[in-house]
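[1] Have a look at this prediction, sequence included:
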There are 2 protein chains.
Amino acid sequence: MASRTQRTPSQMIQPELMAAALQILSESGPEGFTIRAIARRAEVAPMAIYNHFDGKDGLLEAIWIEGFTMLRRELEVTSINPNNKLFDTAHAYRRFALTHRSHYTVMFMHRFIGFTPSASAAAVALETFQTLVRLVKSAQSVGIFSDYDTVDAAQMLWSTCHGFVSLEMLDINFAADRDETFIDFVRGVERGIANSHE
Amino acid sequence: MASRTQRTPSQMIQPELMAAALQILSESGPEGFTIRAIARRAEVAPMAIYNHFDGKDGLLEAIWIEGFTMLRRELEVTSINPNNKLFDTAHAYRRFALTHRSHYTVMFMHRFIGFTPSASAAAVALETFQTLVRLVKSAQSVGIFSDYDTVDAAQMLWSTCHGFVSLEMLDINFAADRDETFIDFVRGVERGIANSHE
DNA sequence: CATTACTGTAGAACAATGTTCTATACTCAG
DNA sequence: CTGAGTATAGAACATTGTTCTACAGTAATG
């Protein structure tokens, strides 16, 4: 930890705190995620977390919102069509989770004590789910997922991805080749629910 | 909270602490799970948690082991055969999770700060997974899941159940009728991965 | 350049947490 | 009835999130 005698410019504090928080989370997990540790890593006073965010919960909410915003963007560039089906979408989801583990931890894996996302933060999460719903709806217009209600099918997709990925992140995924098993899993689910079964 | 002036008989303390811990967990979640709160609920001295378990982590490990043992028992009474396929197993899994939310929280949902299951506790968890693997193996002997490696297929089953259930417990399951959507989901997965697709 | 308003910093302070220790007092087996 | 075992209360310590206050570096204004 380099010593910084002078003060940090205001504009730098927010991003540096954000980066430090994500680093700490990925290195030490939720147990290392303390105000003092994050401030030390960012070479900033603990008070800065209260001036620039709203304390620990505010920092978590910032990560939550950034995470859901990124995930939404990742999902939006995919599409579900007769050739591709849900493949790209599922892969985009898993890639996001494994690439941004800290975000995914805050969003889905760990309930941080005292942290409850605000109404606006919950709205961002809902909007991400709506993106998935829109994907399914457009797929249904070409005959995919025609057996199911749109929201239900979207929930099944989400369950598929989250189920595999979360067990993977908890290190209770015993598949020999996780990449390959994920592909097989998604192809299997797709076979089962994407097409019509009268 | 009734006042108890006299001491609690030794044999009662362990089960009372266990019950209190599960109650607190289901009522207040991980944030309410504190030594002092649990002891107060059990009408017992905080020190008892150190005498009868190994502190907070020891109590969590006891819940972990009890949970995996129960889940294993629930899964063992099901079977995967040509008529039933994975249906009973999936339902048993979900029923366990929703009936024993506190256990499921410790096992899969929340990473409690400082708690890491011991080697023997991890072995109990692994044994539960092996039960699932055995179920799949016996199913494969009658031609189900024949496209996949045994462990991989078991992992897919687990992912299916855990994905749906965990989103349900996190309250980010938007299906109108969760019971029905779960049934549709499992049937869909079963259609996709249980039978051979050359 | 000098002054002023802003704001980042250090550090004390508080309640609550997990944990350990000690002295006390209850209980049950001998 | 006596003594060993053990549950209890309570103090004590470090660490946590949070708040407050006094101080000092920064930067814009005159």
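    Now that the structure is in, tell me what you want to look at. Numbers count the residues shown, from 1 in each chain, chains lettered A, B, ... in the order given.

[2] A:Val124 reaches A:Glu66, doesn't it?
    No. Applying C-beta atoms under 8 Å, one finds A:Val124 not in contact with A:Glu66, separated by 9.3 Å. For every residue, glycine as well, the C-beta is placed using N, CA and C.

[3] Spell out which helix or strand contains A:Arg46, please.
    Careful, residue A:46 is Pro; it's not Arg. Following DSSP states H and E, one finds A:Pro46 outside all helices and strands.

[4] so what's it closest to, chain neighbours aside?
    Distance criterion C-beta to C-beta, 6 or more residues apart in numbering or on different chains; nearest residue to A:Pro46, sequence neighbours excluded, is A:Ala39 at 4.2 Å.

[5] Ok, A:Asp88 next?
    Closest to A:Asp88 by C-beta to C-beta, 6+ apart is A:Thr78, at 4.1 Å.

[6] which residues touch the one you found?
    A:Asp88, A:Thr89, A:Ala92, A:Leu135 (C-beta atoms under 8 Å, 6 or more residues apart in numbering or on different chains).

[7] Relative to DNA strand C, how far out is it?
    According to C-beta to the nearest atom of the strand, to the nearest Å, A:Thr78 stands 39 Å off from DNA strand C.

[8] all helices of chain A, in order?
    For chain A, the helices defined by DSSP state H occupy A:10-28, A:35-42, A:48-52, A:55-76, A:87-99, A:101-104, A:119-140, A:150-169, A:178-193.

[9] ok, and for the fifth one, which residues are buried?
    Within helix A:87-99, the residues scored as buried using 16 or more other C-beta atoms under 10 Å in any protein chain shown are A:Phe87, A:Asp88, A:Thr89, A:Ala90, A:His91, A:Ala92, A:Tyr93, A:Arg94, A:Phe96, A:Ala97.

[10] and if you look at stretch A:144-163?
    Residues of stretch A:144-163 classed as buried: A:144-145, A:147-163 (neighbour count, 16+ other C-beta under 10 Å).

[11] Could you do stretch A:129-148 as well?
    Buried-residue list, stretch A:129-148, by 16+ other C-beta under 10 Å: A:129, A:131-133, A:135-137, A:139-140, A:144-145, A:147-148.

[12] out of the residues you listed, which one sits closest to B:Leu25?
    A:Phe129 (27.4 Å; C-beta to C-beta).

[13] Can you tell me the centre-most residue of chain A?
    Chain A has A:Tyr104 as the residue nearest its centroid, 3.8 Å off, counting by C-alpha atoms, centre = their mean.

[14] and the residue nearest to that one when sequence neighbours are not counted, what does it touch?
    Nearest residue to A:Tyr104 in three dimensions, chain neighbours excluded: A:Ala97, at 4.5 Å (C-beta to C-beta, 6+ apart). Applying C-beta under 8 Å, 6+ apart to A:Ala97 gives the contacts A:Tyr104, A:Cys161, A:Val165, A:Met169.

[15] Check A:Ser138 too.
    Here A:Ser138 is in contact with A:Ser79, A:Ile80 (C-beta under 8 Å, 6+ apart).

[16] any idea how far the residue nearest to A:Asn81 when sequence neighbours are not counted is from B:Leu86?
    Once flanking residues are discounted, A:Asn81 sits nearest to A:Val142: 6.4 Å by C-beta to C-beta, 6+ apart. For A:Val142, the distance to B:Leu86 (C-beta to C-beta, to the nearest Å) stands at 30 Å.

[17] Also A:Asn173?
    Distance from A:Asn173 to B:Leu86, by C-beta to C-beta: 18 Å.

[18] Give me the more crowded residue out of those two.
    B:Leu86 (29 against 17; other C-beta atoms under 10 Å in any protein chain shown).

[19] I figured that one hits B:Glu190, correct?
    Yes. The pair B:Leu86 / B:Glu190 is scored as a contact, 5.4 Å apart, by C-beta under 8 Å.

[20] The closest residue to A:Thr116 other than its chain neighbours: neighbour count?
    Computed as C-beta to C-beta, 6+ apart, the closest residue to A:Thr116 that is not its neighbour in sequence is A:Asp57, at 7.9 Å. Other residues lying near A:Asp57 total 16 when counted by other C-beta under 10 Å.

[21] so how far is B:Gly114 from A:Asp57?
    A:Asp57 sits at a distance of 20 Å from B:Gly114 (criterion: C-beta to C-beta).

[22] Also A:Thr116?
    On the measure of C-beta to C-beta, A:Thr116 and B:Gly114 end up 22 Å apart.

[23] Same check on A:Phe182?
    31 Å.
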